[in-house]
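# Provide a 3D model corresponding to the input given below.
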Amino acid sequence: MSKTLWNILGILTIFAGISLFMMAPEKFAALPPDQRPKFITGGVLIAGILSVIASACFFPKVRPITLRILGTVGIASCVFDLIEGFHRGDFSQFAIILVFWLPGSIYLMVKGKIT
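Below is the predicted model of the structure:
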């Protein structure tokens, strides 16, 4: 990938973090008090991942690490979606997850490169 695409990925990651935290107050207010600590912990974890990805996009030496982080997050998202699909009984997304998202995420996590 070119330097420009890496910079765009870093900037879009920053925008994702900003939009996430702009929606957080209303989601936090809607939660029952016993679920708020989990929400805060999850928000801090997501913010940490996004900040690592965004900062790593701007430094060429750590780009393979960035891609491995993205692959790991992708695998975790695929597993979560599969588990949620089983709980809801909604199997409509399984083909897309198993054929497209999961192999791509595994490739990124193992290889650490796009080409």
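
# And the pLDDT for the one residue sitting closest to the centre of the chain?
The residue lying closest to the centre of the chain (CA atoms, centre = their mean) is residue 73, at 4.8 Å. With respect to pLDDT, residue 73 scores 86.

# How about the contacts made by it?
49, 105 (CB atoms under 8 Å, 6 or more residues apart in numbering). For the C-beta atoms, the positions are set from N, CA and C on the backbone; glycine is no exception.

# Going by secondary structure, it is in what exactly?
Secondary structure from DSSP states H and E places residue 73 in helix 63-88.

# who's in contact with the next helix or strand after that helix?
Moving toward the C-terminus from helix 63-88, the next helix or strand (DSSP H and E) is helix 94-96. Outside helix 94-96, the residues that touch it by CB under 8 Å, 6+ apart are 82, 85.

# and helix 94-96, which residues are buried?
Going by neighbour count (16 or more other CB atoms under 10 Å), nothing in helix 94-96 comes out as buried.

# so how far is residue 40 from the residue of the chain most remote from its centre?
Relative to the C-alpha centroid of the chain, counting by CA atoms, centre = their mean, residue 33 is the outermost residue, at 26.1 Å. Residue 33 sits 12 Å away from residue 40, going by CB to CB, to the nearest Å.

# same thing with residue 19?
Following CB to CB, the distance that separates residue 19 from residue 40 is 18 Å.

# which one of the two has more residues nearby?
Neighbours were tallied for residue 19 and for residue 40 using other CB atoms under 10 Å; the higher tally belongs to residue 40 (13 against 10).

# Name the nearest residue to that one, sequence neighbours excluded.
residue 28 (7.9 Å; CB to CB, 6 or more residues apart in numbering).

# That neighbour reaches residue 38, doesn't it?
No - using CB atoms under 8 Å, residue 28 is not in contact with residue 38; the gap is 11.0 Å.

# neighbour count winner among the two?
A direct count of neighbours by other CB under 10 Å for residue 28 and residue 38 places residue 28 higher, at 13 against 10.

# In which helix or strand does the more buried one reside?
With DSSP H and E as the criterion, residue 28 is inside helix 3-30.

# how big is the angle separating that helix from helix 63-88?
40 degrees (axes from the mean of the first three to the mean of the last three CA atoms, to 10 degrees).
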